[in-house]
Structures are given as C-alpha cells and as structure tokens.
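> The sequence and its predicted three-dimensional model are supplied below.
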Amino acid sequence: MVRYLGRRLVSAAVTVAGVVLVVFFVVRVIPGDSAALRAGPNADPSQIQAIRDRYGLDDPLWQQFRTYLSKVVQGDFGTSMRTDGSVTTELLARLPASLELALYGLAFAAVLGFVLGLSGAALRGTAWDAVVRVIAVIGSSVAIFWLGLLAIYVFYYRLSWFPAPIDRIPLSATPPPTVTGLITFDALLAGNPVLAGEAFSQIALPALTLGFVLAAPITKMVRTSVIESLSKDYVRTARSVGIPFRTILFKDGLRNAMLPIVTTVGIVFGYMIGGNVIIESLFSWPGVGQYAYKAISAHDLDALQGFVIVIGLLYVTLNLLIDLSYLLIDPRVRLGGREA
C-alpha cells in the first residue's frame, strides 16, 4: 500500500510540474496584445510600452518563465492586468462559488445518473432501458450553452419558476458571515434559513442545467459497469439459489462496479469546478469560470495562467483522492496486488 501511495504522489507531482510548464508557454501563443488591450483603444505607443515594461512582456521568454516559476512556488500567480489585483486573491475569493455550484450540480447528476443507470441495467433490453439510453445520448449531445439559454428563457423568463440569473443571492440581500464560503451553508450556520432558501433558489437552475448534461457519462458508466457485473458467474449462482434480485443488484452488481463509476464521478466533479465557464457566464455566477472567461477576453495572461494552474491542482488532488478511495473499495489495492 505504501508503494501504491508513493507512486500516486510522484505521478501527481510530475503532473503539476507539467501543467505549469505547458500553461506558461501555451498562453503566450494566443493571438492578441495584452498590453494594448490593457491600455485601451485610445492609448498611445508610449503608454502601451510602459505597460509592457511594467509586466515584463518584452523580457526573453526564458526569463519570464524563471520569474513566473519563482512566484508560483510561493503561491503568487502574479497581478491581473485587467483588475490590477492579485490573481491568487481573486481566484481564492471566487473558488467557493464554483465549488458550491459544482457540489449541487454533482449531487443532481449523481442521483439522476445512478437512478437511470441502475434501472437501465436492471431492466436491460426493455422499453425503459431504451428510454435511459436515449436520455444519455441527449445529455451527451446537447450543447450546454444552448441548454442554458433555453433554461433561462423557459424557467425564468416564461414561467418565472426561478429568480433572475444575477449573482449568488438577490441584490437586496446581505451575505452571511463567511465560514465555508458556500452561501447556502453559511446562511444556515448563521441561523438565517430565509437567506439559505434564497441562495438555493439562485443556484438551483444553473446546477440543474449543469447536472443534466453531466449526468449522461455517469448514467452510461453505471449502466455498462453494472451490466458487466451482473453477467459474472457468481451472480448467476446467486440467482440460481434464490437470492432476491434487488439484493444481487446492489450487493454484487453495483458494489463490484464501483471502481470505474467512482472514477467517472470524480472526473465529472473536476469538470464542474473548472470547465463550467459557459454556465457561469450565462448565469452571471461569480466563480473561477467567469473569471477565466473575462481573462481570455482581456488577454490577461497572469489571470489565465493562474486559473489553469489552480484547476490543474484541483484535478490532481481529486484524482489522488480517487486513487485513495480505491483502497476502501477494492481489497486488492489494500493488499498491494499486481493486478490492482
């Protein structure tokens, strides 16, 4: 087990180093002049050059990388050219909003994915199984920006079931004291269930939109893995001796299919944190996704680099936690078997 953990930690460290290296060089091939964008359309060449000198944009590339790397090691992702503030501070301030949206989206996606996937596997070959597969295909195929616009138009504009997509709480509300950074939880901790309800209504529509799309891979993986588990010899033996199918489905089918399912859920959660740029922009959600969108629009190199590195760190940490969860799920991993 120690060797298993050691290999995972080394792999995580190499991945993080690779992310920092690749991100630094990739963002510098993006078309556009960040200094000119920062100075504005009416700036003269001397003003643009002053900005280039301030941020070291004319330094040799290797020198820019050395300076940037020394800052990253200290947790300093530089200064945003768009806001003139610390990228680290701005990302940390916005990260709880993205985490909250991802948690609610994952909860909906997991519930929907497990219900559809399990029922499809249990009723394989029936009309309901066909419906499950159609829903999964629709979720995988639909463009998330189109679904988001449709959700806003139908459920906010036409039906008024949800509040206007503006921020995490109504504009007239006062935010609760920050404890976790998740407003719905902080409002409950502050003894303000009314504000918690208002915050939940604000997050519900973007979370449902995000969750519906990302329930598709969970549905597919649950259905496929459970069907594969139910085809094993020990399942046939259990059914032949009269064990109820429901017990077999959950004890033998789902339990033995958990490794790929947990991996899929982890990947989905990581995407929800860093990949929901479109949803955050559509619903004016003040998370790191919206921050990245504005950084791309303004060609804000430090902000864009900081976003990708932070998301990369979250992905690596999440994958490491998934690997550690294998120790609880699969006894072969705990025993250090070669097959695991």
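Okay, I see it.

> can you give me the helices for the stretch 51-200 of the chain?
61-73, 87-122, 127-141, 144-151, 183-189, 193-230 (DSSP state H, counting those that start in this stretch).

> closest to Thr263 out of these?
helix 193-230 (8.2 Å; C-beta to C-beta). Every C-beta, even on glycine, is put in place using the N, C-alpha and C of the backbone.

> now the helix or strand following that closest one against helix 193-230, angle please.
Using DSSP states H and E, the helix or strand that directly follows helix 193-230 along the chain is helix 233-240. Angle between the axes of helix 233-240 and helix 193-230 is 100 degrees (criterion: axes from the mean of the first three to the mean of the last three C-alpha atoms, to 10 degrees).

> Helix 233-240: which residues count as buried?
Neighbour-count burial for helix 233-240 flags 235, 238 (criterion: 16 or more other C-beta atoms under 10 Å).

> got a list of contacts for it?
229, 245, 248, 252-253 (C-beta atoms under 8 Å, 6 or more residues apart in numbering).

> Also stretch 67-77?
Contacts to stretch 67-77, defined as C-beta under 8 Å, 6+ apart, come from residues 20, 24, 56, 59, 78, 86-88, 91, 302-303, 305-306, 309-310.

> Rank the contacts of helix 233-240 by pLDDT and give me only the lowest.
pLDDT is lowest at Asp252 among the contacts of helix 233-240; the value there is 75.

> Could you report the neighbour count for that residue?
Using other C-beta atoms under 10 Å, Asp252 has 20 neighbouring residues.

> Pull up the per-residue confidence for the residue nearest to it when sequence neighbours are not counted.
Of all residues not flanking Asp252 in the chain, Val235 sits nearest, at 5.3 Å (C-beta to C-beta, 6 or more residues apart in numbering). Each residue has a pLDDT score; the one for Val235 is 78.

> does Trp65 really touch Phe24, like I thought?
Wrong residue type there; residue 65 is Phe, not Trp. Yes - under the criterion of C-beta atoms under 8 Å, Phe65 makes contact with Phe24 at 5.6 Å.

> close enough to count as contact, Ala257 and Ser229?
Yes - applying C-beta under 8 Å, one finds Ala257 in contact with Ser229, separated by 4.5 Å.

> Narrow the contacts of stretch 67-77 to just the buried residues.
20, 24, 78, 86-88, 91, 302-303, 305-306, 309-310.

> could you redo these as a markdown table and give each row pLDDT and distance to Thr317?
Shown next, in a markdown table, are those (pLDDT from 0 to 100; distance: C-beta to C-beta, whole Å):
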| residue | pLDDT | distance to Thr317 |
| --- | --- | --- |
| Val20 | 83 | 15 |
| Phe24 | 79 | 21 |
| Gly78 | 82 | 22 |
| Ser86 | 90 | 22 |
| Val87 | 90 | 19 |
| Thr88 | 91 | 17 |
| Leu91 | 91 | 15 |
| Asp302 | 82 | 22 |
| Ala303 | 87 | 21 |
| Gln305 | 85 | 19 |
| Gly306 | 88 | 16 |
| Ile309 | 87 | 13 |
| Val310 | 88 | 11 |
